[in-house]
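> build me a model:
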Amino acid sequence: MQALHPTKHRFRIELVAEHQHASLVDLLCELHAFYNQGATPPRQVVMEHLRQNLLAPGSAQRLLVASRSDGVVVGLAAFSLVYSLVEFAEDQRRHCQLKELYVSSAARSQGAGRALMHGLARYAMEHGCRRIDWPVKASNARGILFYESLGAERVAERLSYRLTEPALGRLVLESGCADVRSAQS
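A predicted model of the protein is given here:
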């Protein structure tokens with residue numbers, strides 16, 4: 001994918017390229033610290049995760065990045081394209097699911113988030129999506145205002161749930177079901 005409107009914004013928006021991996025790792029370390037009270041993981045672990053999981057062949061995850069003119073990545077939009085289980089009309093069946101929108105603390109309020117959302121909207125539409133869905137923390141007032149400034153609407157009838165250990169393990173143990181097998185098994 002070519003850069004999306006590189007002259008309209010002060011940031012270049014594109015799917016991440018290999019030459020951007022090092023600065024993307026810096027951003028992913030900052031993102032980790034943001035969610036984990038300042039704890040930062042080893043860079044090598046983050047690079048391995050990026051290459052072996054996030055960007056691995058067959059990964060549904062796509063990473064759109066915002067970079068400055070010097071090539072340093074300052075923002076990312078992690079997303080996947082999914083098909084609806086209930087919308088069958090060709091023009092409504094494909095959706096874009098935004099997992100994470102993050103801009104480096106040093107680059108906030110400079111247009112990188114808006115540029116990423118513009119790029120994501122274009123990418124989604126070019127790939128047959130007619131909507132983008134994403135979660136946001138209820139406490140993220142700044143983020144909520146930003147999303148609403150884009151024209152996004154809060155989906156009042158949706159809540160977010162998470163199942164983690166030990167409840168996840170208990171659920172597996174109490175299920176009594178045989179192992180889940182793929183259709184090829």
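
> please count neighbours and contacts with C-alpha atoms only from this point.
OK.

> quick check: closest non-adjacent residue to the residue nearest the centre of the chain.
Note on the chain: the residue nearest the mean C-alpha position is Ala78, at 2.1 Å, using C-alpha atoms, centre = their mean. Distance criterion C-alpha to C-alpha, 6 or more residues apart in numbering; nearest residue to Ala78, sequence neighbours excluded, is Leu63 at 4.7 Å.

> packing partners for the host helix or strand of the one you found?
Counting by DSSP states H and E, the element that carries Leu63 is strand 62-67. Where contact means 3 or more C-alpha pairs under 8 Å, 6 or more residues apart in numbering; DSSP states H and E, strand 62-67 is packed against strand 12-15, strand 73-83, helix 112-126.

> related to what we said a few turns ago, who's in contact with the residue nearest to Ala78?
Residues near Leu63 by C-alpha atoms under 8 Å, 6 or more residues apart in numbering: Leu15, Val16, Leu76, Ala77, Ala78, Phe79.

> what's the answer for Arg114, then?
Contacts of Arg114 (C-alpha under 8 Å, 6+ apart): Leu150.

> let's see it at 10 Å
Residues near Arg114 by C-alpha atoms under 10 Å, 6 or more residues apart in numbering: His9, Leu120, Phe146, Tyr147, Ser149, Leu150.

> ok, residues contacting the host helix or strand of the third one?
It stands for Phe146. Assigned by DSSP H and E, Phe146 falls within helix 141-149. By C-alpha under 10 Å, 6+ apart, the list of residues contacting helix 141-149 from outside reads Leu101, Gly113, Arg114, Met117, Val136, Lys137, Ala138, Asn140, Gly151, Ala152, Glu153, Arg154.
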